[in-house]
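S.K.: here you go, sequence then predicted model.
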There are 2 protein chains.
Amino acid sequence: MKAEEKYLGLVQKQNHYNQALSLLAWDARTGAPKKGAAQRSEVIGTLSSDVFALSTSNEMNELLSELENEKDSLSEITAKSIEESRKDYDRNTKIPAEEFKEYVTLQSQTETLWEDAKDQSDFDMFRPNLEKLIEFKKRFIGYYGEDTGHVYNTLLDDYEPGVFVDTIDEVFAELRNNLVPLVQAVTESSHQPKMDSLFAHFPKANQQALSKDILKEIGFDFSAGRMDETVHPFAMGINPYDVRVTTKYNESDFRVSLFGTIHEGGHALYEQNISPELMGTPLCGGTSMGIHESQSLFWEKFVGQNMAFWERNYPLLKKHANGQFDHVSLEDFYFAVNQAKPSLIRIEADELTYCLHIILRYELEKALIEGSLAAKDLPHVWNEKMVEYLGVKPSNDGEGVLQDVHWSFGSFGYFPSYALGYIYAAQLKESFTKTNPNFDDLIRQGDYAPIRQYMTENVHQFGRGKKPADILKDTTGSGIDAKPLIHYLKDKYTTLYKL
Amino acid sequence: MKAEEKYLGLVQKQNHYNQALSLLAWDARTGAPKKGAAQRSEVIGTLSSDVFALSTSNEMNELLSELENEKDSLSEITAKSIEESRKDYDRNTKIPAEEFKEYVTLQSQTETLWEDAKDQSDFDMFRPNLEKLIEFKKRFIGYYGEDTGHVYNTLLDDYEPGVFVDTIDEVFAELRNNLVPLVQAVTESSHQPKMDSLFAHFPKANQQALSKDILKEIGFDFSAGRMDETVHPFAMGINPYDVRVTTKYNESDFRVSLFGTIHEGGHALYEQNISPELMGTPLCGGTSMGIHESQSLFWEKFVGQNMAFWERNYPLLKKHANGQFDHVSLEDFYFAVNQAKPSLIRIEADELTYCLHIILRYELEKALIEGSLAAKDLPHVWNEKMVEYLGVKPSNDGEGVLQDVHWSFGSFGYFPSYALGYIYAAQLKESFTKTNPNFDDLIRQGDYAPIRQYMTENVHQFGRGKKPADILKDTTGSGIDAKPLIHYLKDKYTTLYKL
């Protein structure tokens, strides 16, 4: 057997284990019995070890070395796949096994500790572990030994390959400088939405039916996917033909399920439209967290919170609701679901203020990793920045620095991708409207096919075979650029809030 | 590492793959997206190959040989486990790989062919493949080379280890000789149940709620299991802490879900009460198809179709139903759900006539395998026996010899376990009532704990660690015996039908 064939067999096997692992994860989060947790962990452990063993095997290393020497004769898919496998191999072999084991143990201890610390709003309880995690991360960066100009770049590479600190610094600064005064103006505006109508009782079964209708509306393929209930919503692509969306229901706030479903639906459209040719290879997945988030945000914000969408779908919402909107005008409804208001909690933030939450976290975690900020100073600096960017101040660390789970499992470098997702989404929308200036008309007519087609052609189909920067360059002709997002937000909120 | 430890590691790994495979199977039957079928098959293929490779590896063979030589020093669990692993090893290595592959291909072709043949009631379409499957089976029996006195015994061993043709012949003959005249008398009785009330519209959501209540009622542990909807109901023990029941709903016949749920609930109680010590070993499962069926039938028939059960639960049923039983007396209801009436289709048969369907199949498949019956004569003999045993005659092969899927995938030796399940259940019930003559009182009070405890102590806890014959001997003091079932059916139906 040729090396290429052998290699493709190995990665296909990894992929099959990963599909089984995905199903186990989906199951665990959608109703698997509690008492089965320990056994499930063991099964997950066995399959994960298999994946790890395959990715770090001598056979893998030898095949990769052989294939790297004959790159020109390989298919494009194989050529790109071996880059992913090499990265995987390096990442997984450069850290001494013992040390990695310690780290994994610390991760899981810290996640549990974080829950308690958050409940008790006690940052000092959490701090020693956080410091240890940061030390581990710094050491790991050393082991990787990549020369990327800034220690944080190595972490970014896990989530947003090819995007570096200097770009993010520049783009985030521009965004921050424009958003802070806009948020302040919105806050001070005398024209504010009437929110009461949103919070009437909206039965779960009706919300479920609405969510299903809306997923169909935007083009989610139910013959290649399903929709379930969960506590922490997510979308999961087991493979392009099996993509699962989950939603949670709040009977006194339908927005949670409605916009949550559209958001996860956006992720799902990405996964469903990856080229089937990539199945079984390391390329079969989203290319980065940021690009993935651009797809969910595109549908949630630029479609789902668009006036044209509600001109079309307000009757559908009314049909499923229990009469709560019968006396609410479309304009009042639209203003209410687009309320912008500084708040303390990231995951509850609206589209105007959200990026400021992210920029704050980015600045802090970069400083932690480069050593210019000590963990002990985190709560203080957090609170200062909250006041500076959003004009609100946490009354305790539970609603401040302890609110997010990410750092508790050592996830540094992840946060920026949320704001990058907004930025990319706005760039993609702008480039789409260059050739399709009738964007709002398409939505008003429910004619989403051209939008999906654009995203599939320019983003989805490539899976991991095209890097974020290349996607942006080929679609927008430029690099990462905050301007489209800034224009969009300024236009929308200046009008809405009569600034 | 000691051989025992190594061996336990190997079977644990097999078990973990099997748990993942179970979840994949559950998922495929409870709403997995259609388009994912091909990928899912590939994942299943990879994991199944892993299990097969482990079970037939040289390492496994060597460890087994080593452990077989030091049986006395092994734990009881290991000693019994290696017997299972050895059987597995032998079964999986004795058939030449090429031939087995041909057989698997034939199996899957024939299952598809069977569907068409059944739809078209065309036995001749199905016959050539059936003949080939029988030839394969006979050759396989030869390869196994076990001297068990009758070729069919080797097939029985897959489903009912330790139970042989001579016993079954004797027990089934006794049962048949007693049932045929009883069925005839019931058919001819002028006292018949009024069935109309059963078929009113019973909304699915209400049936679901009822099914859940009933599962709780009999002691299914929802923290170690879940209940879902499916087309072909089943229960599945992924492990004792994760046991899944499925049900289908017919809105114009609530019996399908209600009694189906109790039936699967009986299987599930078995799986939930296997000793957790057996987890990760080949012993963690039901000991035979017959014993498994005894548990589902025990709960479905001896509990769920018991008057005492309805004295307690008729109000619950009425609560969930849409008024359909408001004017039906408990006695009329009880008679209706215990209607006994010869019919053509096995899976729709009642508890009185069911075993005759099985005995017929047993007689035919044994004759096919021993060569005393040619496949071409099957429809004719089938129809003759239907008339002889049940007094009804299929008008075509779709409702006759082609009705069951089993033979289409080469499953010969499976059918008897359904009737053995009835026989075992009656034996277990009789032995329970020897020390607990208040069986009906317990049910009337909803005090199922002593029943569950009895089943756990005598059946469930052992998993595959105790063979069917030993279970019967230790609980009832005898071998397989049709008399308890015959007494039960005679008593019950003589009274019901005023014979």
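M.R.: Sure, I can see it.
S.K.: show me the biggest helix of chain A in terms of residues.
M.R.: helix A:3-28 (DSSP state H).
S.K.: tell me the helix or strand right after that one.
M.R.: helix A:37-55 (DSSP states H and E).
S.K.: which strands and helices lie in contact with that next one?
M.R.: Here helix A:37-55 touches helix A:3-28, helix A:76-94, helix B:3-29, going by 3 or more Cβ pairs under 8 Å, 6 or more residues apart in numbering or on different chains; DSSP states H and E. Where you see a C-beta, it was placed from the backbone N, CA and C, and this is true even at glycine.
S.K.: where along chain A do the strands fall?
M.R.: Secondary structure of chain A by DSSP state E: the strands cover A:225-229, A:235-239, A:242-247.
S.K.: for A:Asn129, which of the helices and strands packed on helix A:37-55 is the nearest?
M.R.: Of all the helices and strands packed on helix A:37-55, helix A:76-94 sits nearest to A:Asn129, with 23.0 Å by Cβ to Cβ.
S.K.: buried sites along the closest one?
M.R.: Applying a neighbour-count criterion of 16 or more other Cβ atoms under 10 Å in any protein chain shown, one finds A:77-86, A:88-92 buried in helix A:76-94.
S.K.: get me the contact residues on chain A for chain B.
M.R.: The interface of chain A toward chain B, taken as Cβ under 8 Å from any Cβ of the partner chain, is made up of A:12-13, A:16-17, A:19-20, A:23-24, A:27, A:31-36, A:38-40, A:42-43, A:46-47, A:221-226, A:238-239, A:241-243, A:279-280.
S.K.: which of these count as buried?
M.R.: With burial judged by 16+ other Cβ under 10 Å, the buried subset of those is A:13, A:16-17, A:19-20, A:23-24, A:27, A:32-33, A:35-36, A:39-40, A:42-43, A:46-47, A:221, A:224-226, A:238-239, A:241-243, A:279-280.
S.K.: nearest residue to the residue of the stretch 1-150 of chain A found nearest chain B in space, please, no chain neighbours.
M.R.: Using Cβ to the nearest Cβ, the single residue of the stretch 1-150 of chain A nearest to chain B is A:Gly36, 3.3 Å away. Nearest non-adjacent residue to A:Gly36, counting by Cβ to Cβ, 6 or more residues apart in numbering or on different chains: B:Asp242, 3.3 Å away.
S.K.: circling back: pipe the strands of chain A into TSV and attach distance to B:Ile359 per row.
M.R.: Shown next, in TSV, are these (distance: least, Cβ to Cβ, whole Å):
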stretch	distance to B:Ile359
strand A:225-229	42
strand A:235-239	45
strand A:242-247	43
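S.K.: looking at those, which is nearest to B:Ser275?
M.R.: Between the strands of chain A, strand A:225-229 lies closest to B:Ser275; by Cβ to Cβ that is 32.7 Å.
S.K.: next, the angle strand A:235-239 makes with that closest one.
M.R.: If you take axes from the mean of the first three to the mean of the last three Cα atoms, to 10 degrees, strand A:225-229 sits at 140 degrees to strand A:235-239.
S.K.: all set now, cheers.
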